[in-house]
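Asker: A predicted structure for the sequence below; I have some questions about it.
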Amino acid sequence: MVDTHNRHGGVTAPRGFLAAGIHAGIKPSPLFDLALVVSTHPGIMAGVFTKNRIVAPPVLLCRRQLRQRNGHAMLVNSGNANALTGTQGMKDAMEMRSLVAAQLHVPLHSVFVGSTGVIGRPLPIQAIRHAVSPLIQRLDRAGHTQAAQAIMTTDTTCKEIACRATIGRRVLTIGGMAKGAGMVHPNMATVLACLTTDASITPRALQATLTRVTNETFNCISIDGDTSTNDTVLCLANGQAGNPTIRMGTPQWKKFHALLYETCLSLSQQICRDGEGCTKIVEIIVRGTKTNHEAKTIARTIATSLLVKTAFFGEDPNWGRIVAAAGRAGVAFHPSRLSLHINTTPVMHHGQGVGGRAAQRAQQIMRNKEYTVTLSVGNQPGFSRLWTTDLSHEYVTINASYTT
């Protein structure tokens, strides 16, 4: 059984991890803007990154050194994305790595870096140079929340989680922190997430599990349909739980997958709930397609429809908008087989509206902060689930003046 909670340590909940956050001077004082997560023992690293064609230097650097799979530390700054910053941007990312590696006395390729914030502005590397030493001095088991605060941008709350399960007669723990409130869409959702675990696991199994879980969690949330230049999810495993090494396809691997899924699902839903200006969190379920991919295509189209999202904000049970979005998703289905529910209330059956009373019940449901929209398009096995938000006046206000 997986014991999920968010009070006992975040990224420092697993054995052998320390963390810290500090105000380096990238953002206005006294906001934290530089975070460091360190394993007291060398480990292995897995990563998943943005699919945007414009990629920030920190992502390029992490991709390159991930080939060696060694991990020891993760350094992340907020307030500046270090994206579209030319050759100097890569030099700055490499210097961030070097600063930590030199002071921790660990190999360069075992230090991974991430950046988030405004695109196109030179990284104030001088501020980071001065901050790394005091940041390292602050490393502590209790530093997880300060680290989670230091990676926030437009987030209104820090996002942490720790999950535990008994696997191979050992208690394994996965901790995590993430940031994200805008530019979030399922294509390696626009987040930065740092995950830690004390599990002993092969590099192949860790990477495969992270990739699969990312597709099931972070890639199943959408706030505004935009993906960023800096999306990064890293997972560092140090083996300090002392369990028999987990390998692909074993019963232990399946349990580890479930544990990582619970961790990432919590973080991704925390991101969705903190979506910029959002007042609603809506679970979109699509079933009855030929394949899961077809179901996910329809669900994504519904989740990113501006008309649908504004209807969610207005608490308007306008099911025609939802069905129309499904119809333009490029997936073949017969309209007469469509059925739509708001929670358990049917508003459309066999391609026709159910009636006024159902709409009234649906409207009552839509006044809640969270609810589910389920679209059935046939009787095939295809299924998909993702989470989206409404589109409010506040979202426009936040993003209309993001850099000013």
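Answerer: Cool, the structure landed.
Asker: give the contact list for Val59.
Answerer: Contact partners of Val59, counting by CB atoms under 8 Å, 6 or more residues apart in numbering, are 49-50, 114, 229-232. From N, CA and C alone the C-beta is placed, and that goes for glycine too.
Asker: I should have written Arg129 there, sorry.
Answerer: By CB under 8 Å, 6+ apart, Arg129 lies in contact with 95, 99.
Asker: for it, helix, strand, or coil?
Answerer: helix (DSSP: H, G, I helix; E, B strand; the rest coil).
Asker: pretty sure Thr372 is touching Glu283, no?
Answerer: Yes - when contacts are counted by CB atoms under 8 Å, Thr372 is listed as touching Glu283 (4.3 Å).
Asker: More neighbours: which of those two?
Answerer: A count of neighbours by other CB atoms under 10 Å puts Glu283 above the other of Thr372 and Glu283, at 19 against 15.
Asker: hang on, that one in a helix?
Answerer: No - going by three-state DSSP, the assignment for Glu283 is strand, not a helix.
Asker: still on that earlier bit, ok, the contacts of Val59 vs Ile365, which is closest?
Answerer: Asp231 (32.8 Å; CB to CB).
Asker: Distance of the closest one relative to Thr250?
Answerer: Distance, Asp231 to Thr250, using CB to CB, to the nearest Å: 30 Å.
Asker: now the strands for the stretch 1-150 of the chain?
Answerer: Ranges of strands in the stretch 1-150 of the chain, per DSSP state E, counting those that start in this stretch, are 3-5, 17-22, 34-49, 70-78, 111-116.
Asker: Rounded mean pLDDT for the shortest one, please.
Answerer: Confidence for strand 3-5, expressed as mean pLDDT, is 45.
Asker: what do you get for the third one?
Answerer: Throughout strand 34-49, pLDDT has a mean value of 97.
Asker: Please save the CA atoms from that strand in CSV.
Answerer: What follows is strand 34-49, C-alpha atoms only, in CSV (Å, rounded to 0.1, in the frame of the first residue of the first chain):
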residue,chain,number,x,y,z
LEU,A,34,17.8,29.7,-5.7
ALA,A,35,17.3,26.1,-4.6
LEU,A,36,19.7,23.2,-4.1
VAL,A,37,18.9,19.5,-3.5
VAL,A,38,21.8,17.2,-2.6
SER,A,39,22.3,13.5,-2.0
THR,A,40,24.8,12.6,0.7
HIS,A,41,25.8,9.6,-1.5
PRO,A,42,26.3,9.3,-5.2
GLY,A,43,23.3,8.1,-7.1
ILE,A,44,21.7,7.8,-10.6
MET,A,45,19.6,10.3,-12.4
ALA,A,46,16.7,10.1,-14.8
GLY,A,47,15.1,13.0,-16.7
VAL,A,48,12.3,14.1,-19.0
PHE,A,49,12.4,17.4,-20.8
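Asker: Each with direction, which strands does it pair with?
Answerer: Sheet pairing here is set by DSSP bridges, and for strand 34-49 it gives strand 17-22 (antiparallel), strand 70-78 (antiparallel), strand 232-237 (antiparallel).
Asker: how about a markdown table for those strands, with distance to Asn379 and mean neighbour count added?
Answerer: Below are these laid out as a markdown table (distance: least, CB to CB, whole Å; neighbours: other CB atoms under 10 Å):
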| stretch | distance to Asn379 | mean neighbour count |
| --- | --- | --- |
| strand 17-22 | 48 | 25 |
| strand 70-78 | 46 | 26 |
| strand 232-237 | 36 | 28 |
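Asker: could you show me where the helices are in the protein, in order?
Answerer: 57-65, 86-104, 125-137, 144-150, 203-216, 251-273, 292-304, 306-313, 319-327, 356-366, 393-400 (DSSP state H).
Asker: Least reliable of those by average pLDDT, please.
Answerer: For the helices of the chain, the weakest mean pLDDT is recorded on helix 393-400, namely a mean of 68.
Asker: Now stretch 380-392: buried residues?
Answerer: Under the neighbour-count criterion of 16 or more other CB atoms under 10 Å, stretch 380-392 has 382-392 buried.
Asker: and of the strands of the stretch 1-150 of the chain, who's closest to Leu172?
Answerer: Shortest distance between Leu172 and the strands of the stretch 1-150 of the chain, using CB to CB, is found for strand 3-5: 10.9 Å.
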